[in-house]
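S.K.: Fold the stuff below for me.
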Amino acid sequence: MASVPKRSLGYRLYNNSWLALLRRLLVSAIIAGPFLLGGGYSFYAGGFPLWASLAVLGVGSLLMLAGLYMSFTGIVPSPPLLPGETQLELRHPTMKPSYARLLFSLPFLGSAFYVWQYSQAPYVYPFVLFIVGLFFFFKGAMRYLRNLHITYAVTDRRVVHMYRFLWLNTKEIPVSRIISISEARSFFEIITGRGSVVVASGIGERQVIKIEDISDPGPVAESLRGLLPT
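M.R.: Numbers count the residues shown, from 1 in each chain. Below is the predicted model:
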């Protein structure tokens with residue numbers, strides 16, 4: 001009888017992993033889809049410069065390839081613990097701030113299309129709207145793809161930031177060297193109920209770890225403050 005719960009648990013874990021993979025693939029298709037469809041339409045319908053159609057198709061293809069790679073490779077594993085080391089927090093960035101940026105870009109892109117197709121305004125106006133929308137769209141898309149491969153860990157000895165795309169980049173700050181702990185929230189983190197914890201051991205990029213886009217950042221900050229000498 002004991003084997004049934006084990007098979008059931010394994011099935012749930014297997015099923016959840018496939019659901020997560022399908023969700024990541026769907027988001028990647030949504031990100032790359034407009035560029036692939038727009039480039040394909042402009043290429044076959046004519047009336048657009050060939051270089052512009054190929055450029056849009058190239059951007060869509062790159063986004064789709066990056067999304068496929070990062071969807072199948074998943075999230076980086078948790079850092080290995082040293083003998084006697086205790087893990088206090090293990091977090092991955094949430095995707096809601098990325099989704100918020102993507103949604104925020106849609107009114108600009110839609111307005112650019114409307115002004116371009118249904119008004120007599122000079123082309124500079126839809127172009128500016130398109131560039132603004134494209135900026136927020138790419139910010140959201142790049143943050144989504146990046147967040148798939150980021151892990152934050154807090155132990156009783158160190159704070160660890162791990163990132164892997166085509167390479168593995170690990171940044172660590174020993175607890176004994178922490179000089180400041182602060183919480184920060186960007187506009188998109190505020191509207192999505194997320195936040196960041198900034199840990200600093202000095203001045204410079206290598207001396208700061210920003211634990212970004214995590215849900216409920218308070219316990220992470222409190223865990224770190226509890227490790228500081230009184």
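S.K.: Can I get stretch 87-96 in PDB? Just the C-alpha atoms.
M.R.: Output in PDB follows, covering the C-alpha atoms of stretch 87-96 (Å, rounded to 0.1, in the frame of the first residue of the first chain):
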ATOM      1  CA  GLN A  87      19.800  27.200   4.400                       C
ATOM      2  CA  LEU A  88      17.400  29.900   5.600                       C
ATOM      3  CA  GLU A  89      15.800  31.100   2.400                       C
ATOM      4  CA  LEU A  90      15.700  29.900  -1.200                       C
ATOM      5  CA  ARG A  91      13.900  32.100  -3.700                       C
ATOM      6  CA  HIS A  92      13.300  32.500  -7.400                       C
ATOM      7  CA  PRO A  93      12.100  35.700  -9.000                       C
ATOM      8  CA  THR A  94       8.400  35.900  -9.700                       C
ATOM      9  CA  MET A  95       7.200  36.700 -13.200                       C
ATOM     10  CA  LYS A  96       4.400  39.200 -12.500                       C
END
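S.K.: roughly how far out does that stretch sit from the chain middle?
M.R.: The chain centroid and the centroid of stretch 87-96 are separated by 12 Å under CA atoms, centre = their mean, to the nearest Å.
S.K.: So for that stretch, what gets flagged as buried?
M.R.: Neighbour counts over stretch 87-96 (16 or more other CB atoms under 10 Å) mark 88-89, 91-96 as buried. Every residue, glycine included, has its C-beta placed from N, CA and C.
S.K.: contacting residues around that stretch?
M.R.: With CB atoms under 8 Å, 6 or more residues apart in numbering as the contact definition, stretch 87-96 has outside contacts at 27, 75, 78, 81, 144, 147, 150-156, 192-194, 211-215, 219-220, 223.
S.K.: do the same with stretch 115-129
M.R.: Stretch 115-129 has contacts (CB under 8 Å, 6+ apart) with 108-109, 111-113.
S.K.: Stretch 217-225 too?
M.R.: Outside stretch 217-225, the residues within contact range by CB under 8 Å, 6+ apart are 88-89, 91, 152, 154, 159, 175, 178, 181, 183, 194-197, 199, 211, 214.
S.K.: Pull out the buried residues from those residues.
M.R.: 88-89, 91, 152, 154, 159, 175, 178, 181, 194-197, 199, 211, 214.
S.K.: I'd like to know which of these are part of strands.
M.R.: Among those, the members found in strands (DSSP state E) are 88-89, 91, 152, 154, 159, 181, 194-197, 199, 211, 214.
S.K.: ok, so of these, who is nearest Gly38?
M.R.: Arg194 (31.0 Å; CB to CB).
S.K.: residue ranges for the strands of this structure, please.
M.R.: Secondary structure of the chain (DSSP E): strands located at 87-91, 150-155, 158-164, 168-174, 180-184, 194-200, 208-215.
S.K.: Of all those, which one comes closest to Ala55?
M.R.: Taking the strands of the chain one by one with CB to CB, strand 158-164 is closest: 28.8 Å.
S.K.: neighbouring strands for that closest one, and are they parallel or not?
M.R.: strand 150-155 (antiparallel), strand 168-174 (antiparallel) (DSSP bridges).
S.K.: from those strands, which stretch is densest packed?
M.R.: Highest mean neighbour count of those: strand 150-155, a mean of 21 (counted as mean count of other CB atoms under 10 Å).
S.K.: report the angle between the axes of that one and strand 87-91?
M.R.: Inter-element angle recorded for strand 150-155 and strand 87-91: 160 degrees (by axes from the mean of the first three to the mean of the last three CA atoms, to 10 degrees).
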